[in-house]
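S.K.: Take a look and give me a structure for this.
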Amino acid sequence: MKHIFAVIVTYHPGDISALLHSFRAQCTEIVVVDNSEGDSSTLASLCTDIGATLIALGRNVGIAGAQNIGIDYALDHGADAVILSDQDSIPGPTMVATLAAFLGPGIGAVGPVPFDGEEPLVYTDHRWGPKRPSTLPDDKPIEAAFLLASGCLIPADVIRHVGLMPADYFIDHVDLAWSMHARSLGYRLLAIPHVRLTHSLGDGRIKVAGRKRTVHTHSPIRNYYLTRNTFELMRNHDLPFLWRIRYGYWISRFAVFTILTNDHRRQRARMITAGIRDGLRRRMGKIPN
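M.R.: Numbering: from 1, shown residues only. Model prediction:
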């Protein structure tokens, strides 16, 4: 792959100079798509200094919509592949080249193994849905059920065949839905264990009695999107039937657990209720005001 473009989506970012410098040394071009409302002059100055292209939207079109804008730019400017990133993940100095070495016929995308603290965020295929493996191999790629977007390297011809990210999801389950569509078309997804990326899944984590792993928590607005978009996944025939049944079970547990164990219970209950309502109605996109 000669021309790899990094597409970074930001939303009111802090200092992302380390992220930009890391990709600057590894990619042909960097495209920053900023979802922030208001002034973006500080980010614009940073992008100019580092040599990145900034697309400042002035409004929040969602993670998927912003990714698509960046992907379209990359494909229009000759990209052979696109690597996606959020604003909080910093790739290692050889991550892009290492991932690219695993691309080949039938490979839809390659990604690192993201870590949230000490927990690997890689998921493999099981009868009742994706699960995290108990151990990671050291010497071979993992056949992933889906890949998280941050650090995901996708060839341009795969994007043209599979399509762009599902913008109507706005945020949450975007990478899962795209991954499953790619797999439905026969592509394999690989996670490379010796390529690790620090990544935060959600806004926090809590320890639950009886569970080895912590549970990720999200803001009330994310509770809405997770709930609504899970209903959409349950209709998605790219997912195996048993997976869709499992997600129905999961969302019921998620709703009860989230309301009972987190702060702002009333607000969360309202957001989850709205997510159920809009999920049943198939009202997608950005949450109505």
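
S.K.: C-alpha only now, for contacts and for neighbours.
M.R.: Noted.

S.K.: Can you report phi and psi for the residue most central in space within the chain?
M.R.: Centroid-nearest residue in the chain: residue 149, 3.3 Å away (criterion: C-alpha atoms, centre = their mean). Per-residue torsions, residue 149: phi -70, psi -40 (degrees, to the nearest 10).

S.K.: now swap in the one 5 residues further on and tell me
M.R.: As for residue 154, its main-chain torsions (degrees, to the nearest 10) stand at phi -130, psi 120.

S.K.: Quick check: closest non-adjacent residue to it.
M.R.: What sits nearest to residue 154 in space, not counting adjacent residues and going by C-alpha to C-alpha, 6 or more residues apart in numbering, is residue 109, at 4.6 Å.

S.K.: surely that neighbour meets residue 150?
M.R.: No - with contact defined as C-alpha atoms under 8 Å, residue 109 does not count as touching residue 150 (11.8 Å).

S.K.: Settle it for me: which of those two has more neighbours?
M.R.: For residue 109 versus residue 150, the count of surrounding residues by other C-alpha atoms under 10 Å is larger for residue 109: 29 against 25.

S.K.: How about the secondary structure of residue 195?
M.R.: Here residue 195 is strand, with the state taken from DSSP: H, G, I helix; E, B strand; the rest coil.

S.K.: Ok, residue 57 next?
M.R.: Assignment for residue 57 (three-state DSSP): strand.

S.K.: Let me see the contact set for it.
M.R.: 33, 34, 35, 36, 37 (C-alpha atoms under 8 Å, 6 or more residues apart in numbering).

S.K.: 6 Å - rerun?
M.R.: If a contact means C-alpha atoms under 6 Å, 6 or more residues apart in numbering, then residue 57 has 34, 35 as its contacts.

S.K.: how near is it to residue 12?
M.R.: The spacing between residue 57 and residue 12, counted by C-alpha to C-alpha, to the nearest Å, is 12 Å.

S.K.: can you check residue 125 too?
M.R.: 35 Å.

S.K.: Likewise for residue 188?
M.R.: Using C-alpha to C-alpha, one gets 34 Å for the distance from residue 188 to residue 12.

S.K.: Of the two, which one has the most company?
M.R.: Counting neighbours by other C-alpha under 10 Å for residue 188 and for residue 12 shows that residue 188 has the greater number, 20 against 14.
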